[in-house]
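>>> Let's see this in three dimensions:
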Amino acid sequence: MEAENVVERDWSSLAPELLNLIAKKLTEVFDFVRFRAVCKTWRFSTPITNRSPQFPWILDKRGHPYGPDMLFYSITASKTYTIHAPKLSGRRLLGTSQGYMFTDLYDSRDSSSQCARQLSLLNPLNNHEIPLPASDFCLDAYWIGPQQYRIGEYVVCFAYAGGGDYKSAFCCLGEDKWCELESDDNDFFQCFHIKGMFFRIEEDTGVTEVTDLTTGTLAYVLPPFEGYMVGANYYAVDALGDILIVFQHFDPSDDSSDDWFSVHRLDLSGSSSPRWVKVNNIGNQALFIDLDSGFALEADDFSGVKANCIYLISTYCLVKRIDIETGEQEVLPCPFEEAPRWFVPNLQQLQAQ
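Numbering: from 1, shown residues only. A predicted model of the protein is given here:
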């Protein structure tokens with residue numbers, strides 16, 4: 001019996017156009033990295049900048065200090081990943097945004113130390129670190145800036161508590177100091193940074209003050225959005241062109257009832273004074289929000305993502321999908337039990353101008 005002829009295939013000679021089509025089907029970043037590692041031809045034909053959008057992972061945010069090993073969970077792959085990031089050792093995680101972590105150096109011997117803290121942005125996937133100006137007021141800080149990945153337009157902005165006052169500060173990459181934002185009072189507030197504007201919502205009144213970070217001047221003062229409640233949670237999202245607030249309503253008389261949610265869009269149309277307008281449909285978008293930040297994705301870019309929905313990591317560490325129009329809620333799987341956050345894997349490196 002004659003042996004069958006075995007035809008050897010030269011997989012490295014596949015056309016670059018075909019390799020790009022295959023790579024765009026790989027929505028998990030680890031699959032994309034393995035694909036590029038096959039040979040030089042495959043790697044050069046699939047640059048990092050051409051990678052398809054990544055469904056967000058869930059970050060296990062337990063423990064202080066952090067690192068060097070961090071746990072991430074992929075809902076789409078139903079897998080838990082461990083990433084070794086040596087530069088995270090001894091650092092405290094203040095927040096995440098678009099693949100980078102805002103960290104400060106944590107001194108386990110004196111967690112209340114008033115000395116200047118070393119701050120940086122760190123990408124745990126490629127271990128790329130960007131030093132930031134040191135600060136002696138970074139106490140109980142949380143990161144609130146930027147929600148979109150734009151090299152050259154990257155602003156770090158956070159709020160902090162110090163000396164009994166609540167304040168906020170920001171800086172752009174490459175600058176050597178933090179700029180503190182002035183305020184008429186020191187009452188507690190919630191805040192966020194979107195599109196070069198700093199939004200500061202007063203806790204007691206719900207009034208929103210909008211500051212233009214390029215000039216440092218007050219641009220708008222917005223009245224409270226519909227249904228505002230003192231003590232409730234709300235989240236800001238740069239929704240691919242629109243600025244949205246997701247408001248989490250609750251019944252203070254019934255701890256067992258489910259919270260419900262409403263979405264409000266910033267209206268600067270000019271027909272009236274700037275204001276928040278309630279909306280029931282955000283089209284093909286899906287919103288991802290947690291206690292630190294929020295961002296939007298096009299649902300059609302991901303298998304299994306439902307449009308006009310909110311993907312929420314709640315204060316009770318539940319991961320929920322909420323239909324904005326109907327209010328229907330569904331609990332999604334998550335192996336972590338304490339303080340998880342959304343994290344968007346990103347292989348690119350930010351560069352300061």
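
>>> Could you point out which residue ranges in this protein have low pLDDT?
1-7, 62-67, 106-116, 137-167, 182-190, 251-258, 270-272, 292, 315-316, 349-353 (pLDDT under 70).

>>> ok, 50 please
Within the chain, the segments meeting pLDDT under 50 span 147-152, 256, 353.

>>> On the three-state scheme, residue 18 is what?
Judged by DSSP: H, G, I helix; E, B strand; the rest coil, the three-state class of residue 18 is helix.

>>> how deep is it tucked in, by neighbour count?
Residues near residue 18, counting by other CB atoms under 10 Å, number 10. Every C-beta, even on glycine, is put in place using the N, C-alpha and C of the backbone.

>>> Same check on residue 80?
As a burial measure, residue 80 scores 14 neighbours (other CB under 10 Å).

>>> what does the domain assignment say about this protein?
According to automatic domain parsing, the chain is divided into the following domains: 13-52, 53-343.

>>> Identify, out of the ones you listed, the most deeply packed stretch.
Counting by mean count of other CB atoms under 10 Å, domain 53-343 has the highest mean neighbour count of the domains of the chain, with a mean of 17.

>>> Pairing partners for the residue lying closest to residue 328 once chain neighbours are set aside in the sheet, please.
Closest residue in space to residue 328, ignoring its immediate chain neighbours: residue 322 at 7.3 Å, by CB to CB, 6 or more residues apart in numbering. Following DSSP bridges, residue 322 is listed with bridge partners residue 310, residue 329.

>>> Just the terminal-to-terminal distance for stretch 318-332.
8 Å (CA to CA, to the nearest Å).

>>> How far off centre is that stretch?
Chain-centre distance of stretch 318-332: 19 Å, with CA atoms, centre = their mean, to the nearest Å.

>>> quick one: the strands in the stretch 101-250 of the chain?
Here the stretch 101-250 of the chain has its strands, by DSSP state E, counting those that start in this stretch, at 119-123, 128-131, 142-143, 155-162, 165-172, 179-180, 189-194, 197-202, 208-212, 217-222, 233-239, 242-249.

>>> Looking at those strands, which is nearest to residue 305?
Comparing the strands of the stretch 101-250 of the chain against residue 305 with CB to CB, the closest turns out to be strand 233-239 (14.4 Å).

>>> Going by contacts, tell me the helices and strands next to that closest one.
strand 189-194, strand 242-249, strand 285-289, strand 294-298 (3 or more CB pairs under 8 Å, 6 or more residues apart in numbering; DSSP states H and E).

>>> export these to TSV and tack on distance to residue 60?
Output for these, formatted as TSV (distance: least, CB to CB, whole Å):
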stretch	distance to residue 60
strand 189-194	24
strand 242-249	23
strand 285-289	17
strand 294-298	19
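
>>> mind checking which of those is nearest residue 181?
Taking those one by one with CB to CB, strand 189-194 is closest: 8.8 Å.

>>> For the closest residue to residue 226 other than its chain neighbours, give me its contacts.
Distances taken as CB to CB, 6+ apart place residue 278 nearest to residue 226, at 5.2 Å, with adjacent residues excluded. By CB atoms under 8 Å, 6 or more residues apart in numbering, the residues touching residue 278 are 225-226, 262-265.

>>> any idea which of those is closest to residue 33?
residue 263 (35.5 Å).

>>> Please determine how far residue 348 is located from residue 259.
Computed as CB to CB, to the nearest Å, the residue 348 to residue 259 distance reads 36 Å.

>>> And the contacts of stretch 209-216?
Under CB under 8 Å, 6+ apart, the answer for stretch 209-216 is 155, 157, 170, 179, 181-182, 193, 196-202, 217-222, 274.

>>> mind checking which of the helices and strands packed on strand 233-239 is nearest residue 340?
Closest to residue 340 of the helices and strands packed on strand 233-239 is strand 285-289 (CB to CB; 12.2 Å).

>>> Can you give the strand pairings for the closest one, parallel or anti for each?
When pairing is defined by DSSP bridges, strand 285-289 lines up against strand 294-298 (antiparallel), strand 309-313 (parallel).

>>> okay, stretch 283-296 in PDB with CA atoms only?
Taking C-alpha atoms only, stretch 283-296 is exported to PDB below (Å, rounded to 0.1, in the frame of the first residue of the first chain):
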ATOM      1  CA  GLY A 283     -28.900  53.100  20.500                       C
ATOM      2  CA  ASN A 284     -26.300  50.500  19.800                       C
ATOM      3  CA  GLN A 285     -24.200  51.400  22.800                       C
ATOM      4  CA  ALA A 286     -23.600  49.400  26.000                       C
ATOM      5  CA  LEU A 287     -22.400  51.200  29.200                       C
ATOM      6  CA  PHE A 288     -19.900  49.700  31.600                       C
ATOM      7  CA  ILE A 289     -19.700  51.300  35.000                       C
ATOM      8  CA  ASP A 290     -18.200  50.500  38.400                       C
ATOM      9  CA  LEU A 291     -17.400  52.600  41.500                       C
ATOM     10  CA  ASP A 292     -14.400  54.300  39.800                       C
ATOM     11  CA  SER A 293     -15.400  55.000  36.200                       C
ATOM     12  CA  GLY A 294     -17.600  54.400  33.300                       C
ATOM     13  CA  PHE A 295     -17.200  53.900  29.500                       C
ATOM     14  CA  ALA A 296     -19.200  53.000  26.500                       C
END
